[in-house]
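Chemist: predicted model and sequence below, questions to follow.
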Amino acid sequence: MNDPIDSNQTGLMRRARTTLVGIALGGLVAGGVLLTASSASAQAAYGSYIGFGGSVGLTDGGIDGGSTSGGLISVRYRFLEAPISLRGQVLISDTSAFVPTVSYDIPLDWQTDVYLGAGMVLQSSEDGTSPLGNQSAFVLQPGVDYSFPYSNLVVFGNAIIAFDAYKESNNNATSIQAGVGVRF
């Protein structure tokens, strides 16, 4: 028999863990900003891209079925005159999710950008669970793009933190994505 106090403590522990992961990832991006203050003359890595990869959910939101993993389609449209990009990711699993974000890109050098995006996760169904929960939610997306020199290939990776992403528990969800893209 489940003790309601233990169940509440477990939910609080999951929420605290997810929040700490979000704070740590945000800290990494903020640290990158502080470390690159002297490279303000560097330009962000050129080009928009479309890429493919994988996604892994790190949280289960206190519901049956646990975290999920699956495929990923990622698109970045970079504005050349401003350090802003429009990004969209489709996380493909039993229940898919679409994550549109607007990001602020911070160049580390000619090939590498770190960024922080904000947007929404839009779930394809309310019946299943994607790597980012089972309801639409606000998201933060810290990440990095690396463009290979003399090539159209880009390697990208990011985390997505969705706030209040589960209907049953109101917990946050976190997933990690990585893949390879082709610039256009």
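Modeler: Received the coordinates, thanks.

Chemist: so how far is Val121 from the residue nearest in space to the middle of the chain?
Modeler: Centre of the chain computed as the mean C-alpha position; nearest residue by CA atoms, centre = their mean is Ile160, 2.5 Å away. Counting by CB to CB, to the nearest Å, the separation of Ile160 from Val121 is 7 Å. C-beta coordinates here come from the backbone N, C-alpha and C atoms, glycine included.

Chemist: skip ahead from the lowest-mean-pLDDT helix or strand in the chain and say which helix or strand is next.
Modeler: When the helices and strands of the chain are scored by mean pLDDT, DSSP states H and E, helix 4-35 comes last with a mean of 50. Toward the C-terminus, helix 4-35 is succeeded by strand 49-57 as the next helix or strand (DSSP states H and E).

Chemist: after that next one, heading C-terminal, what element do we hit next?
Modeler: That would be, after strand 49-57 and using DSSP H and E, strand 69-78.

Chemist: direction included, what does the following helix or strand past that next one pair up with?
Modeler: Going down the chain from strand 69-78, the next helix or strand is strand 84-92, by DSSP H and E. Partner strands and pairing direction for strand 84-92 (DSSP bridges) are strand 69-78 (antiparallel), strand 97-107 (antiparallel).

Chemist: contacting residues around the shortest one?
Modeler: Meaning strand 69-78. The contact list for strand 69-78 (CB atoms under 8 Å, 6 or more residues apart in numbering) reads 44, 46-57, 84-94, 96, 105, 130-131, 145, 156, 177, 179, 181.

Chemist: drop anything exposed from these.
Modeler: 44, 47-49, 51, 53, 55-57, 85-87, 89-93, 96, 105, 130-131, 145, 156, 177, 179, 181 (16 or more other CB atoms under 10 Å).

Chemist: quick revisit: now render the strands paired with strand 84-92 as TSV, adding distance to Ser169 and mean pLDDT.
Modeler: Output for the strands paired with strand 84-92, formatted as TSV (distance: least, CB to CB, whole Å; pLDDT from 0 to 100):
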stretch	distance to Ser169	mean pLDDT
strand 69-78	20	96
strand 97-107	17	97
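
Chemist: ok, which of those strands comes nearest Ser136?
Modeler: Comparing those against Ser136 with CB to CB, the closest turns out to be strand 97-107 (8.9 Å).

Chemist: so what secondary structure elements neighbour the helix or strand following that closest one?
Modeler: Beyond strand 97-107 on the C-terminal side, the first helix or strand identified by DSSP H and E is strand 112-123. When contacts are defined as 3 or more CB pairs under 8 Å, 6 or more residues apart in numbering; DSSP states H and E, strand 112-123 sits against helix 4-35, strand 84-92, strand 97-107, strand 137-147, strand 153-163.
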